[in-house]
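Colleague: I'll drop the sequence and a predicted model, then ask my questions.
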Amino acid sequence: MKKPDKPLIWLYGEIKTPPFSASARIEAGFLFRLLQMEEKLSMPHSRPIPSIGKNCHELRINDENVTWRIIYRIDSDAIVILDVFNKKTQQTPKAVIDVCKKRIKEYDND
């Protein structure tokens with residue numbers, strides 16, 4: 001018997017056209033579908049971000065002129081989306097890390 005797919009729980013952000021191009025939105029949807037089916041993603045599509053929390057990752061979507069990042073956490077029962085933003089530097093901004101930690105804490109306490 002096939003396990004049911006994990007739901008996506010959006011705590012913040014959305015993926016729509018615009019600002020995402022249609023191809024970037026489709027790529028993000030495809031990658032999230034793999035995660036829902038419990039596929040493991042790695043570089044160049046995803047990398048772990050332990051500074052935010054356990055099982056937290058950064059999905060990388062290269063668009064026409066923008067590089068999108070989607071911060072998510074893999075829980076046993078869901079994929080929790082913490083933030084969506086366009087990344088302009090090599091490092092994840094401290095403000096993004098802090099707000100993602102806050103969202104995780106609030107989500108876990110609910």
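Modeller: Perfect, thanks for sending it. Residues are numbered from 1 along each chain as shown.

Colleague: pretty sure residue 72 is touching residue 80, no?
Modeller: Yes. Checked against C-beta atoms under 8 Å, the pair residue 72 and residue 80 is within contact range at 6.3 Å. C-beta here means a position set from N, CA and C on the backbone, and glycine is covered the same way.

Colleague: higher neighbour count, the two?
Modeller: Comparing residue 72 with residue 80 by other C-beta atoms under 10 Å, the one with more neighbours is residue 72, at 28 against 22.

Colleague: Which strand or helix spans the more buried one?
Modeller: Applying DSSP states H and E as the criterion places residue 72 in strand 67-74.

Colleague: So which bits of that strand are buried?
Modeller: Residues of strand 67-74 classed as buried by neighbour count (16 or more other C-beta atoms under 10 Å): 68, 69, 70, 71, 72, 73, 74.

Colleague: ok, now stretch 93-104?
Modeller: Of the residues in stretch 93-104, 96, 97, 99, 100, 103, 104 count as buried by neighbour count, 16+ other C-beta under 10 Å.

Colleague: and what of stretch 14-22?
Modeller: Per 16+ other C-beta under 10 Å, stretch 14-22 contains these buried residues: 15, 20, 21.

Colleague: so where does residue 16 fall, helix or strand?
Modeller: Counting by DSSP H and E, residue 16 is part of no helix or strand.

Colleague: As a check, name the ranges of all strands in the protein.
Modeller: Along the chain, the segments classed as strands by DSSP state E run 8-10, 46-48, 56-62, 67-74, 79-86.
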